[in-house]
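Engineer: Fold the following, please.
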Amino acid sequence: MTLDVDTLSQSLKTIREEIVKRGWHIEVFRSNNSHRIITRDDGKRMHVFGSVSPATSYAAAKASNDKLLTYELLENEDLPLLDLVTVRDDNDLEQAKEFMVKKGKVVVKPVDGSHGQGITVDVRDEASLRKALKVARNVTKQSKDVIVQEQYDHEIICDLRMLYIDYKFIGAIWRIPARVYGDGQHTLKQLIERENDTARRGIAYRAELTTIDMDKAHLYLKDKMNEVIADGVEVQVAGVANYGAGGETVDVTDDIPEWLIKEAELAARACELVVAGVDFMISQVPTSTMKREELSPAITEVNKAPLLSMHDTPTHGRGNRGATKAFIDHLATL
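Structural biologist: Presented below is the predicted three-dimensional model:
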């Protein structure tokens, strides 16, 4: 309550604003820590981690950290998913290679990763597969398994995050991977460096946009980093669309079809996450009247601690969806 506003993350700033409005009290152990002690005006004290609901069970929270278990929970509900295999050691490599050849290209990711860390996309050959498996294993926290999953393959790919609180739809964000625009004079490496020097780029979850990681950009772009890009040409420079990886956000809440809203709610309920961020890949930017065959949806993740501020202050679009208010309203009911 006494910290300088500039020391707080975007989420913590908005949470504190809502807390103050209600006459509640909030304490943090450190300004960069996700653990908060919230005391309501009726005296009830709650230990809250990020945007995880205190009503979420320990089992559900643990399950959400395991992408393979999440996949199995969603599979039981017959929800749209992308095929995958798991690799524990070199004995499983042959199966992963056969899977990669069958699918054409795959995504490799750790079972328990987060914020897009350890993910390699567009893996098409054995050398890239081995390298991607090593990258995934280097960030894994507990599991020895690595997921090799078919890559969503459409001419247009829209990465969608849908937010649910109390299993109610709050908002939707189209997440765009980090990108730069050519000027006909500079290489991709130089364009990324120039973009990182802009005022809007900085520390993740504090700045408007996150600084683009040069090492990850090299891994994604390879030799293309040294190419001069024609004037006005847009180039994606990261393999994942997460805000924490430098991505941009576009509010598309009013453009989500009702059937997709219900499907995402079913995913949140299947994972028993009272507060959930449900991630889809869809084949085009949505409109509210689109049918399933037009969007070809596939769920990629269900997150127990979704970023609330992203829905209130997106990079583009309306925003102001009251995500933080809805979360504090939820805490008021517990």
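
Engineer: burial measure for Ser288, as a count.
Structural biologist: Other residues near Ser288 come to 12 when the count uses other CB atoms under 10 Å. The C-beta positions use only the backbone N, C-alpha and C, and glycine is treated the same way.

Engineer: who touches it in this structure?
Structural biologist: 254-258 (CB atoms under 8 Å, 6 or more residues apart in numbering).

Engineer: same thing but at 6 Å, please
Structural biologist: 255, 257 (CB atoms under 6 Å, 6 or more residues apart in numbering).

Engineer: And it, its phi and psi?
Structural biologist: phi -70, psi -20 (degrees, to the nearest 10).

Engineer: Now do the contacts for Arg292.
Structural biologist: Contact analysis of Arg292 by CB under 6 Å, 6+ apart lists nothing.

Engineer: err, Thr287, not the other one
Structural biologist: Asp255.

Engineer: Quick test: name the residue nearest the centre of the protein.
Structural biologist: With distances taken as CA atoms, centre = their mean, Asn242 lies nearest the centre of the chain, 4.6 Å away.

Engineer: How about that one: what's its closest non-neighbour residue?
Structural biologist: Excluding its sequence neighbours, the residue lying closest to Asn242 (CB to CB, 6 or more residues apart in numbering) is Gly116, at 3.9 Å.

Engineer: could you list every residue that touches that neighbour?
Structural biologist: Applying CB under 6 Å, 6+ apart, the residues contacting Gly116 are 240, 242, 245.

Engineer: gap between the second one and Ala61?
Structural biologist: Put plainly, it is Asn242. 20 Å (CB to CB, to the nearest Å).

Engineer: same question, Gln142
Structural biologist: Distance, Gln142 to Ala61, by CB to CB: 14 Å.

Engineer: Which of those two has more residues huddled nearby?
Structural biologist: Between Gln142 and Ala61, Ala61 has the larger neighbour count (other CB under 10 Å), namely 17 against 10.

Engineer: is it true that the more buried one lies in a helix?
Structural biologist: Yes - membership of Ala61 in a helix is supported by DSSP: H, G, I helix; E, B strand; the rest coil.

Engineer: before we move on, back to that, helix, strand, or coil at the residue nearest to Asn242?
Structural biologist: coil.

Engineer: For it, give me the pLDDT.
Structural biologist: Per-residue pLDDT puts Gly116 at 74.

Engineer: Quote the end-to-end distance of stretch 89-98.
Structural biologist: Distance across stretch 89-98, first residue to last, is 15 Å (CA to CA, to the nearest Å).

Engineer: So what touches that stretch?
Structural biologist: Contact with stretch 89-98 is made by 85, 87, 126, 148, as judged by CB under 6 Å, 6+ apart.

Engineer: give the contact list for the second one.
Structural biologist: Contacts of Val87 were listed using CB under 6 Å, 6+ apart, and they are 96, 146, 148.

Engineer: ok, and the first one, which helix or strand is that part of?
Structural biologist: Read it as Ala96. helix 93-103 (DSSP states H and E).

Engineer: Could you check how sure the model is about that helix, as an average pLDDT?
Structural biologist: Across helix 93-103, pLDDT averages out at 94.

Engineer: care to break the protein down by domain?
Structural biologist: 5-50, 53-80+154-177+247-323, 83-151, 182-236 (automatic domain parsing).

Engineer: Let me know which of those domains is the nearest to Asp329.
Structural biologist: For Asp329, the closest of the domains of the chain is domain 53-80+154-177+247-323, at 8.0 Å, according to CB to CB.

Engineer: got the end-to-end distance for that closest one?
Structural biologist: One end of domain 53-80+154-177+247-323 to the other measures 13 Å (CA to CA).

Engineer: Distance from it to the middle of the chain?
Structural biologist: Put simply, domain 53-80+154-177+247-323 sits 9 Å off its chain's centre (CA atoms, centre = their mean, to the nearest Å).

Engineer: Over that domain, what's the mean pLDDT, rounded is fine.
Structural biologist: Rounded mean pLDDT across domain 53-80+154-177+247-323 is 95.

Engineer: do stretch 195-212 as well
Structural biologist: Stretch 195-212 comes out at a mean pLDDT of 88.

Engineer: Ser64 touches Lys304, doesn't it?
Structural biologist: Yes - contact criterion CB atoms under 6 Å: Ser64 and Lys304 qualify, at 4.0 Å.

Engineer: related to what we said a few turns ago, with respect to Ile19, which of the contacts of Val87 is nearest?
Structural biologist: Closest approach to Ile19 among the contacts of Val87 (CB to CB): Val146, at 40.5 Å.
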